[in-house]
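> got a structure for you, letters missing:
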């Protein structure tokens with residue numbers, strides 16, 4: 001009788017393991033599909049983080065182009081200005097990265113040279129200031145390209161996105177956007 005009970009328990013365990021295996025195998029594709037839907041980074045560049053897009057980058061968003069009723073000439077001007085400013089930004093960010101590395105090197109030296117550290121801090125501050133100035137210049141260029149009605153619509157859209165981020169939080173917005 002003991003042997004018969006043992007066989008029954010062994011068979012029950014094996015059936016349970018197989019059932020769990022088949023249920024997991026059936027659930028994995030569904031889970032993979034669900035994660036692909038909610039992953040925001042699988043979307044295009046303008047779908048990822050609309051609230052962080054560069055101001056001149058609106059030409060890449062077909063919905064925004066339609067909402068603002070941009071002309072072909074405006075799209076071309078925005079695109080050209082966007083690439084120009086992005087190239088400048090990349091150069092400045094590369095300078096900033098080099099200076100940050102030099103600063104880390106200066107602080108990791110056996111003896112700290114205060115003069116070098118202060119000079120590097122001033123250079124870093126200058127590059128960050130140029131990055132900020134460039135950001136403002138890009139917005140001013142956009143103001144020249146768009147007419148008053150288009151700027152009003154754009155500001156309203158950006159304000160709504162910012163309001164949505166404050167109310168629901170970024171994570172909730174990303175979840176809602178991906179669904």
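Thanks, I have it. This structure is a prediction, so every number in the text was calculated from the model and none was measured. Numbering: from 1, shown residues only.
> Any buried residues in the strand or helix carrying residue 107, and which?
In this structure, residue 107 is located in helix 72-108 according to DSSP states H and E. Neighbour counts over helix 72-108 (16 or more other CB atoms under 10 Å) mark 74-75, 77-78, 81-82, 85, 89, 92, 95-96, 99, 102-103, 106 as buried. Glycine gets a C-beta too; all of them are placed from N, C-alpha and C.
> Ok, stretch 104-122 next?
The neighbour-count check on stretch 104-122 (16+ other CB under 10 Å) flags 106, 120 as buried.
> and it, what's its mean pLDDT?
For stretch 104-122, the mean pLDDT works out to 93.
> and what of stretch 146-156?
Confidence over stretch 146-156 (mean pLDDT, whole number) is 89.
> buried residues in that stretch?
By neighbour count, and taking 16+ other CB under 10 Å as the criterion, the buried residues in stretch 146-156 are 146, 150, 153, 154.
> swap in stretch 59-72?
The neighbour-count criterion (16+ other CB under 10 Å) identifies 59, 60, 61, 64, 65, 68, 70 as the buried residues of stretch 59-72.
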